[in-house]
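# sequence-free structure coming up:
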């Protein structure tokens, strides 16, 4: 419980889900054969960090930013640019560090800007900045490789062709991919626990007080701008870290995989579906969304095939239209379950523990 | 006393526009300047059409509709449906204008209709919850875009302008595209109409009053929610009309059109000041002109023009050039 | 003197704002043809009571009857349309509009009748002088006159005014008092919230005193005006010393 910063899941089902998720992710290379399954598991890990970092902003601080992908992209491009010139671990670490540093700096500058403008202005500005970052990455071919992006090789230890052991261990032939997976797993676990520590610290509680009532928090003597700026910087730093991991895992980086608006929508969905203001929700949301991306689309094409005779139905269930379904789910969740999966489960647990007085 | 001190502070933002136009003249020949200025004004007018509804809806109800771009796309697809992909190219000028007018009317109707449904199904459910409002309009925007793809397809649709609306006229040695001149005229008409409607009609006064103090308008016996629905529908209708004009200008329509324009529209609204009609017009023209001048003088910098302009204005006036005057 | 059925009647009205319980069962009767004054210290709940009547806050419990009709559940515009003209504490003047335009919006049915406008201009001649001026450029007193004049210009059965003297110079208060006294002569029913006891005493027929979200005293204004000890007990020295 110390490790979880006294933030208990709060509902047995949620606790069971989280434990199951942790176990599956911890033993994914052994449990899930095949490169695709391992790639999905790695993606889940990376998006847990990204969604959790965004939740720090959206859920805990109440700041609506559409520029989280920009930081994600900065981390990814930091690694990509550093590694595309060759180089090994030092380049990887320096690239990631540079991406994180630039992200934190940019986030602080944006926080200063947010001091001057209304919250709704800020949301619109972040949208414009995110778009600008995407266009910049597509156009600045000399640095970013344009639309095609950058393809590079990673240090030998985590490269797919690397096999340190002659014989399989527990039935699995250990490769660089597996080592990379466990590197990502470790970084994600530590990041998540650190974020959990942050939101349950006095600092995290001040953030929530500011979210509930900025004027009151200010009147109580909290320097809201300082807290917001720090939250933005932390959120940006962790997003960049996630981006660096994505680049390392994919061994390429392009605007579409790191900077696109639809990616931003994915992050929003993860946080909202999981439950804003609960990091566990971000973890669950990220898992649900990544699984849906990989397995909902094939499901839709089955539906489309089955519904061939019905007018319009094939178009509705076309796997290319899966965003339509995500949009619908999103709207339904925001309308009817604004607390998300985790918030709703916790509300149930609370209701059971404290039945309303008749 | 310096000359600046003689000018009332609140009229300073209006001076930015003539200043920009004059400074640009220093950097290029007169005919180039004239061509670029007309192109910039035309682009500004298109932006104004797309932005005016957004800013009014926000002023009235504090709702920022992130799905607004979807209505621009809707209008663009409707003009493709009306004009087809080229069969009407040979129309004379009167017939061509008639067909475009028909497309505008249909787009306005569809924009208003879909807008009302959108308001009923989504916006009304999250009144007074800003965070959920942003999220639900983002979600609604995705749904709208995907539905449009289902109806009109995901492939880019070519939209050749009727021949009568192509070509240029030469004025003072500068080639001026006919269509751009037309857009300028239409933009001016719509700006004037909006301005008159808001300042001269009782309904317009009521809208301005509600922008300032919604509660008082209700305490006087007016139904602000009806007013809001009306403005919402008018705003989405104007966005759809903007889509028609954009589509004819670009000669190509994709489902991403609205999503790309909405970024510019947001910048317009931020620069102009949320809720302000005059600010919206001023900012639209500024953005249109700056884009064209910079694109000619320093093409490499064109990419950052919009963002740079936005940041400069925000540092100068954090609430925009002409915040919330209601007119 | 008391009318048998009051025009406006509050019975056991409770109001919550967020999680705060502001009104704890307010009972009040406003008889037709008289001026009823609601007195009380800052924070006693007077403004909340008026806002609840107008439907701007929702009563969580209790009844509000106007002209025999239950209105607690009606939306604000419907309440206003029954014939209640309301001048809020903030005056609710549309500053971006001119004085003339403010009057165009006085009545939801349409432009106000010329006879009514003339009566308003007779009461507040300065509004006629400022007819084309933007309301935002008016002084505080002129804005208050515009707010009250706009309410008068609408056809109404009850006029509710929230602290018209607030922040005004004494000469302005005197002018307002005079104008409202003329309305009173015309048998307009008024519910007036005031902290200025001199003004309240000059206009009121009936009086109710609020404290901590409850009515703690009600009766004839003449009785309260004559009883210094009662004034001191109910309103405190600061109010009594206004006279």
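Received it, and whenever you're ready, just let me know what you need. Computed from a prediction, not measured in an experiment: that's the story for all the values here.
# quick one: contacts for the closest residue to residue A:229 other than its chain neighbours?
Nearest residue to residue A:229, sequence neighbours excluded (CB to CB, 6 or more residues apart in numbering or on different chains): residue A:111, at 3.8 Å. (Each C-beta comes from the backbone N, C-alpha and C, glycine too.) Contact analysis of residue A:111 by CB atoms under 8 Å, 6 or more residues apart in numbering or on different chains lists A:225, A:228-229, A:232-233.
# and what of residue C:150?
By CB under 8 Å, 6+ apart, the contact set of residue C:150 is C:93, C:102-103, C:105-106.
# quick one: buried ones out of those?
C:93, C:102-103, C:105-106 (16 or more other CB atoms under 10 Å in any protein chain shown).
# quick one on the thing from earlier: among the contacts of residue A:111, name the buried ones.
The neighbour count (16+ other CB under 10 Å) marks A:228-229, A:232-233 as buried among the contacts of residue A:111.
# out of those residues, give me the two with the largest separation.
A:228 and A:233 (9.6 Å; CB to CB).
# rewinding a little: for residue B:190, state which of the contacts of residue C:150 is nearest.
Within the contacts of residue C:150, distances to residue B:190 taken as CB to CB reach their minimum at residue C:105, with 25.1 Å.
# next one: phi and psi at the closest one?
The phi/psi pair for residue C:105 (degrees, to the nearest 10) reads phi -100, psi 10.
# does it touch residue B:219 like I think?
No: using CB atoms under 8 Å, residue C:105 makes no contact with residue B:219, being 11.1 Å away.
# list the contacts for residue A:273?
Here residue A:273 is in contact with A:281, A:284-285, A:288-289, A:329-330, A:333, A:340-341 (CB under 8 Å, 6+ apart).
# report whether the strand or helix carrying residue B:233 contacts chain A.
In the assignment (DSSP states H and E), residue B:233 maps to helix B:224-250. No: figure legend: helix B:224-250 not in contact with chain A (CB under 8 Å from any CB of the partner chain); closest approach 15.9 Å.
# repeat for stretch B:103-121
No: counting by CB under 8 Å from any CB, chain A is not contacted by stretch B:103-121; separation bottoms out at 8.5 Å.
# report the buried residues of that stretch.
Buried residues in stretch B:103-121, counted by 16+ other CB under 10 Å: B:103-104, B:106-108, B:110-112, B:114-116, B:118-119.
# hmm, who's touching that stretch?
By CB under 8 Å, 6+ apart, stretch B:103-121 touches B:67, B:71, B:74-75, B:78-79, B:82-83, B:140, B:144, B:228-229, B:232-241, B:243-244.
# what's the answer for stretch C:6-24, then?
With contacts defined as CB under 8 Å, 6+ apart, stretch C:6-24 is touched by C:25-32, C:45, C:48-49, C:52-53, C:57-67, C:72, C:157-158, C:189, C:191, C:212-214.
# quote the end-to-end distance of it.
21 Å (CA to CA, to the nearest Å).
# hang on, the earlier thing: what's the closest of the buried ones among the contacts of residue A:111 to chain C?
Ranked by distance to chain C (CB to the nearest CB), the buried ones among the contacts of residue A:111 are led by residue A:228 at 23.7 Å.
# for chain C, what helix or strand is lowest in average pLDDT?
Within chain C, no helix or strand scores below helix C:228-240, which has a mean of 72 by mean pLDDT, DSSP states H and E.
# now do the SS call for residue 20.
If you meant another chain, say so; for now it's chain A. helix (DSSP: H, G, I helix; E, B strand; the rest coil).
# residue B:186: what's it in contact with?
B:45, B:245.
# now do the strands in chain C.
C:8-17, C:20-30, C:35-40, C:59-66, C:69-70, C:84-87, C:158-162, C:189-193, C:206-211, C:214-220 (DSSP state E).
# of these, which is nearest residue B:174?
Ranking these by proximity to residue B:174 (CB to CB) places strand C:84-87 first, at 58.9 Å.
# residue B:135 in helix, strand or coil?
Per three-state DSSP, residue B:135 ends up helix.
# quick check: it vs residue B:95, distance?
Note on residue B:135: its distance to residue B:95, by CB to CB, to the nearest Å, is 46 Å.
# got it, and residue B:73?
26 Å.
# ditto for residue A:159
From residue A:159 across to residue B:95, the span is 66 Å (CB to CB).
# ok, residue A:107 - contacts?
A:71, A:229, A:232-233, A:235-237.
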